[in-house]
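A.B. asks: Need a 3D model of the following:
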Amino acid sequence: MKKMLTLLLSTGLVATATQAISSPQEDLKHFRTYFEQRFPGVPMDDFGNGINAIDADHRMQWESMEEFPPYEAFVDKGQTIWKTPFKNGKSFASCFGNDPSKVRVKYPHWDSKTQKVVTLEGDINKCLKDNGEKPFGWKKGKIAHLSAFLGYQARGQKVNVKVPNDPKALAAYEKGKQFFYAKRGQLNIACADCHVYYAGQHIRGNTLSPALGHVTHFPVWRAKWQHKSKSGDGLGTLHRRYGGCNKQVRARPFKAQSEEYRDLEFFHSYMSNGITINAPGYRE
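C.D. replies: Modelled structure (predicted):
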């Protein structure tokens, strides 16, 4: 623990009471430095592969699964959803533009008009409602299929979240950062406990993944979700995962697309800036 604390202090990830709030740029620099020192030899872009970047056995299993990915048919369903016109004759292209490969990389972002963080899933349902259609559920099903299709189309592009120099945008970023590092639930565990401080270690037979690169492969296909689904659909959104993590530490989860989770996504995604989008991903 003492060695870990020394590393955290040296990379700036632990602030003292006398330090001013660091900028997003400083946070990102410290975040990357920490993981570079924690896992020397792992290429920065490879962190987008989660535990498969740091564990050889997991990587072998993952590469085998990726030869015939279980999410492939559901990406096709997402493409069908993208192309299917609404009752008014318009389609998702009317909201997002005709090129689906240019959509995912725009999210999440700060909207100066609404003064809030906007997510891809949030705009998917906004598009539906604006066109008189019934919105999708937030966590799985059609919204995950469409998001997976848009993520697949964006593969090869880099995460590029911008935090404008706007007091309210910076406040949303800071709220997301505080959420990430704050302990919660009966187990008194923070997101950072598992995915920063103890990344790479084992818990209940699972390897804890590094937070760096987390968002690049969402929506994600989880074997756990597949086994629980009557239809065998294992895809889920990032906010579905946030809620699941909160439950695991015995904390009451917030609603998907709540301000808390949108702000968390804002910070969480910014910390993966520069890493290649590889959605959807397969995980246990």
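A.B. asks: any idea which helix or strand comes after the worst-scoring helix or strand of the chain on mean pLDDT?
C.D. replies: In the chain, no helix or strand scores lower on mean pLDDT, DSSP states H and E than helix 2-11, which sits at a mean of 52. Going down the chain from helix 2-11, the next helix or strand is helix 24-38, by DSSP states H and E.
A.B. asks: could you dump that following helix to CSV, C-alpha only?
C.D. replies: These are the backbone C-alpha positions of helix 24-38, laid out as CSV (Å, rounded to 0.1, in the frame of the first residue of the first chain):
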residue,chain,number,x,y,z
PRO,A,24,-8.6,18.5,-17.2
GLN,A,25,-5.4,18.6,-19.2
GLU,A,26,-3.3,18.1,-16.0
ASP,A,27,-5.6,15.3,-14.9
LEU,A,28,-5.2,13.5,-18.2
LYS,A,29,-1.5,13.8,-18.1
HIS,A,30,-1.3,12.4,-14.6
PHE,A,31,-3.8,9.6,-15.4
ARG,A,32,-1.7,8.4,-18.4
THR,A,33,1.5,8.7,-16.5
TYR,A,34,0.1,6.6,-13.6
PHE,A,35,-0.9,3.7,-15.9
GLU,A,36,2.3,3.9,-18.0
GLN,A,37,4.3,3.4,-14.8
ARG,A,38,1.9,0.8,-13.4
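A.B. asks: Now that helix: buried residues?
C.D. replies: By 16 or more other Cβ atoms under 10 Å, the buried positions in helix 24-38 come out as 24, 27, 28, 30, 31, 32, 34, 35, 36, 38. Where you see a C-beta, it was placed from the backbone N, CA and C, and this is true even at glycine.
A.B. asks: ditto for stretch 133-152
C.D. replies: Quick answer for stretch 133-152 (16+ other Cβ under 10 Å): 136, 138-152.
A.B. asks: tell me which of these is nearest to residue 90?
C.D. replies: Relative to residue 90, the closest of the buried residues of stretch 133-152 is residue 146; by Cβ to Cβ it sits at 15.3 Å.
A.B. asks: Please, where are all the helices along the stretch 101-250 of the chain?
C.D. replies: 120-130, 142-153, 167-181, 191-192, 223-228, 238-248 (DSSP state H, counting those that start in this stretch).
A.B. asks: distance between the shortest one and the chain's centre?
C.D. replies: Mean C-alpha position of helix 191-192 versus that of the full chain (Cα atoms, centre = their mean, to the nearest Å) differs by 13 Å.
A.B. asks: Report the central residue of this structure.
C.D. replies: Centrality entry for the chain: nearest residue to the mean C-alpha point is residue 215, 2.8 Å, by Cα atoms, centre = their mean.
A.B. asks: What about the nearest residue to that residue once chain neighbours are set aside, how many residues nearby?
C.D. replies: Closest residue in space to residue 215, ignoring its immediate chain neighbours: residue 269 at 4.7 Å, by Cβ to Cβ, 6 or more residues apart in numbering. Residues near residue 269, counting by other Cβ atoms under 10 Å, number 23.
A.B. asks: Ok, residue 156 next?
C.D. replies: 9.
A.B. asks: my guess is it meets residue 276, correct?
C.D. replies: Yes. The pair residue 156 / residue 276 is scored as a contact, 6.3 Å apart, by Cβ atoms under 8 Å.
A.B. asks: on that earlier part again, pick the most buried one from the helices of the stretch 101-250 of the chain.
C.D. replies: The highest mean neighbour count among those, using mean count of other Cβ atoms under 10 Å, belongs to helix 142-153: a mean of 26.
A.B. asks: Averaged pLDDT, that one. What do you get?
C.D. replies: The pLDDT scores in helix 142-153 average 98.
A.B. asks: Can I get it as PDB, trimmed to CA atoms?
C.D. replies: Extracted in PDB, the C-alpha atoms of helix 142-153 (Å, rounded to 0.1, in the frame of the first residue of the first chain):
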ATOM      1  CA  LYS A 142     -32.400  -1.400 -29.400                       C
ATOM      2  CA  ILE A 143     -30.500   1.600 -27.900                       C
ATOM      3  CA  ALA A 144     -27.500  -0.700 -27.400                       C
ATOM      4  CA  HIS A 145     -27.800  -2.200 -30.900                       C
ATOM      5  CA  LEU A 146     -27.800   1.200 -32.500                       C
ATOM      6  CA  SER A 147     -25.000   2.500 -30.300                       C
ATOM      7  CA  ALA A 148     -23.000  -0.700 -31.100                       C
ATOM      8  CA  PHE A 149     -23.500  -0.100 -34.900                       C
ATOM      9  CA  LEU A 150     -22.400   3.600 -34.500                       C
ATOM     10  CA  GLY A 151     -19.400   2.500 -32.400                       C
ATOM     11  CA  TYR A 152     -18.400  -0.200 -35.000                       C
ATOM     12  CA  GLN A 153     -18.600   2.400 -37.800                       C
END
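A.B. asks: Fine by me, we can end here.
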